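Asker: Predicted model, plus sequence, below.
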Amino acid sequence: MDLSPANASPVLADPVPMNQTRLGFHSSVVFPRSIPKKKSGKVDDVRSNGWLDAMQSSSPPRRRMVKDVGGELDSDDSDRLYYSWKLKYPSALKSFHHIINRANNKKIVIFLDYDGTLSPIVDDPNRAFMSVDMRSAVKGVAKYFPTAIISGRSRDKVYELVGLTELFYAGSHGMDIMFPAKDTMSINHTHYIRSTDKKGKEVNLFQPAREFIPMINKVFRILVDVTKDIQGAFVENHKFCTAVHYRNVDDKNWLLIAQRVHDVLKDYPCLRLTHGRKVLEVRPVIDWDKGKAVEFLLQSLGLSNSDNVLAIYIGDDRTDEDAFKVLREGNHGYGILVSSVPKESKAFLSLRDTLEVKDFLKSLVSWKEQHK
Ligand SMILES: O=P(O)(O)OC[C@H]1O[C@H](O[C@H]2O[C@H](CO)[C@@H](O)[C@H](O)[C@H]2O)[C@H](O)[C@@H](O)[C@@H]1O
């Protein structure tokens, strides 16, 4: 974190996201990603387009590694920064009574991100498991409030990890939403298809990036190939998007891995890159993100009237910012950022880690049980 006088904010600023073309709500019209500009005959590289900076700030630094101009900040300094940041993003646990007061006679709807929110961040994405306690807390809230998981992972994968049938699931950053067939009456769009869930029940799937599946498969294979000699690199196929992990790549090779991904994307102007926590996420250039998924679910469940609905979205990642923005701008409810370090956010409130998320969910359940 740059804490030089010129940039004295105690906040870990997220880099400006790549340009995102905004289209109409239910459109899947594809716009080309802006082609890298040439500078003196050379295509822009990952240093000049900001990718490398974004990668370097893509996950909370460990406490002792938060750097000042003059060296490392000790943990007292980090604590001070964290507590002053909390004035802007108060604890959702400590603000619980405010949330409940605002909920008053409204219907509460819960949206949950998965990685970093329900499961702690770990080195191996295949081992990011929820605790038994967390699963019971999520099951508890789902008993009383409509609850959806909105994840960057594929819908099947996140369902496998969460394992609760009573939830709504949106995978691939909201580009793959499953919802009950009975809830189609209130929606008006073209990108949903009828299907059956794992129990054979009739459901609807909303998949606005369906036509990209072959391209994503192809790009996934290319990315696996071009990163296979980079130790620690790992590529996941999420069906509607693909993710290149560099958490386990030596930081000396971050430039290399970013350049390889960048070079692949030059041939795919219909795909764009977003930054997650030590992961480069490649996705179609359509006007769809976790924020749109929240709007879609609220609308499809008949819950988009903010006069009688209070939505709560809990997430830790840059991709969750789209959802926080939708809640803030639509006056729909509270975005809650999960972070143990100061970060600029569109959320209203914060929780430090997954343990606090679990406590918050349990508080909602206890409150509901006392006010049935
Ligand atoms: O939207 P989310 O549910 O938060 O998913 C975002 C990404 O989460 C996973 O990666 C992150 O968690 C991993 C396990 O803790 C960690 O190893 C990785 O560094 C994080 O970026 C998932 O593997 C990605 O594909 C998701 O896009």
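Answerer: Ah, there it is. Numbers count the residues shown, from 1 in each chain.

Asker: residue boundaries of the helices in the stretch 251-372 of the chain?
Answerer: Under the criterion DSSP state H, counting those that start in this stretch, helices of the stretch 251-372 of the chain are mapped to 254-265, 290-300, 321-329, 354-370.

Asker: Can you pull the residues of this protein lying near the ligand?
Answerer: 113-116, 121-123, 125, 128, 151-153, 236, 243, 245, 247, 276-279, 281, 317, 319 (C-beta under 6 Å from any ligand atom). Any C-beta I mention is one placed from the backbone N, CA and C, and that applies to glycine too.

Asker: Of these, keep whichever come out buried.
Answerer: 113-116, 121, 125, 128, 151-153, 236, 243, 245, 247, 276-279, 281, 317, 319 (16 or more other C-beta atoms under 10 Å).

Asker: Now, those that are in strands?
Answerer: 236, 243, 245, 276, 279, 281 (DSSP state E).

Asker: For residue 108, state which of the residues you listed is nearest.
Answerer: Lowest distance from residue 108 to those (C-beta to C-beta) belongs to residue 276, with 27.6 Å.

Asker: now that closest one, nearest residue through space, not along the chain?
Answerer: residue 317 (5.5 Å; C-beta to C-beta, 6 or more residues apart in numbering).

Asker: Got the confidence number for that neighbour?
Answerer: We have a pLDDT of 93 for residue 317.

Asker: Could you measure from it over to residue 306?
Answerer: Note on residue 317: its distance to residue 306, by C-beta to C-beta, to the nearest Å, is 24 Å.

Asker: how about the helices in the stretch 51-200 of the chain?
Answerer: Ranges of helices within the stretch 51-200 of the chain are 51-56, 75-88, 96-103, 132-144, 155-162, based on DSSP H, counting those that start in this stretch.

Asker: And the contacts of the shortest one?
Answerer: Right, helix 51-56. Applying C-beta atoms under 8 Å, 6 or more residues apart in numbering, the contact partners of helix 51-56 are 14, 15, 46, 246, 254, 255, 258, 262, 273, 275, 278, 280.

Asker: same thing but at 7 Å, please
Answerer: The contact list for helix 51-56 (C-beta atoms under 7 Å, 6 or more residues apart in numbering) reads 15, 46, 246, 254, 255, 258, 262, 275.

Asker: what mean pLDDT does that helix have?
Answerer: On average, the pLDDT along helix 51-56 is 85.

Asker: starting at the chain centroid, how far to that helix?
Answerer: Relative to the chain's own centre, helix 51-56 is displaced by 18 Å; criterion: C-alpha atoms, centre = their mean, to the nearest Å.

Asker: Can you give me the buried ones in it?
Answerer: Buried residues in helix 51-56, defined by neighbour count with 16+ other C-beta under 10 Å: 51, 52, 54, 55.

Asker: which one of the residues you listed is nearest the ligand?
Answerer: For the buried residues of helix 51-56, the minimum distance to the ligand (C-beta to the nearest ligand atom) is 11.4 Å, reached by residue 55.

Asker: what's the distance between the closest one and residue 262?
Answerer: Counting by C-beta to C-beta, the gap from residue 55 to residue 262 is 11 Å.

Asker: same question, residue 352
Answerer: From residue 352 to residue 262 the distance is 34 Å (C-beta to C-beta).

Asker: ok, the two, which is more surrounded?
Answerer: It is residue 262, of residue 352 and residue 262, that has more neighbours when counted by other C-beta atoms under 10 Å, with 18 against 15.

Asker: give me every residue that touches the more buried one.
Answerer: 45, 46, 51.

Asker: Could you tell me which of the contacts of helix 51-56 count as buried?
Answerer: For those, buried by 16+ other C-beta under 10 Å: 15, 46, 246, 254, 258, 262, 275.

Asker: Which of these sits closest to the ligand?
Answerer: Among these, residue 246 lies closest to the ligand (C-beta to the nearest ligand atom), at 8.1 Å.

Asker: I figured the closest one hits residue 276, correct?
Answerer: No: taking contacts as C-beta atoms under 7 Å, residue 246 lies outside contact range of residue 276: 10.6 Å.

Asker: confidence score at the closest residue to residue 199 other than its chain neighbours?
Answerer: Once flanking residues are discounted, residue 199 sits nearest to residue 165: 7.1 Å by C-beta to C-beta, 6+ apart. At residue 165, the pLDDT value in this model is 91.

Asker: how far away is residue 165 from the ligand?
Answerer: Residue 165 sits 19 Å away from the ligand, going by C-beta to the nearest ligand atom, to the nearest Å.

Asker: and if you look at residue 324?
Answerer: 13 Å.

Asker: for the closest residue to that residue other than its chain neighbours, what are its contacts?
Answerer: Distance criterion C-beta to C-beta, 6+ apart; nearest residue to residue 324, sequence neighbours excluded, is residue 335 at 3.1 Å. Residue 335 sits next to 313, 323, 324, 327, 328, 346, 347, 348 when contact means C-beta under 7 Å, 6+ apart.

Asker: now do residue 351
Answerer: Residue 351 makes contact with 91, 92, 93, 314, 336, 338, 357, 360, according to C-beta under 7 Å, 6+ apart.
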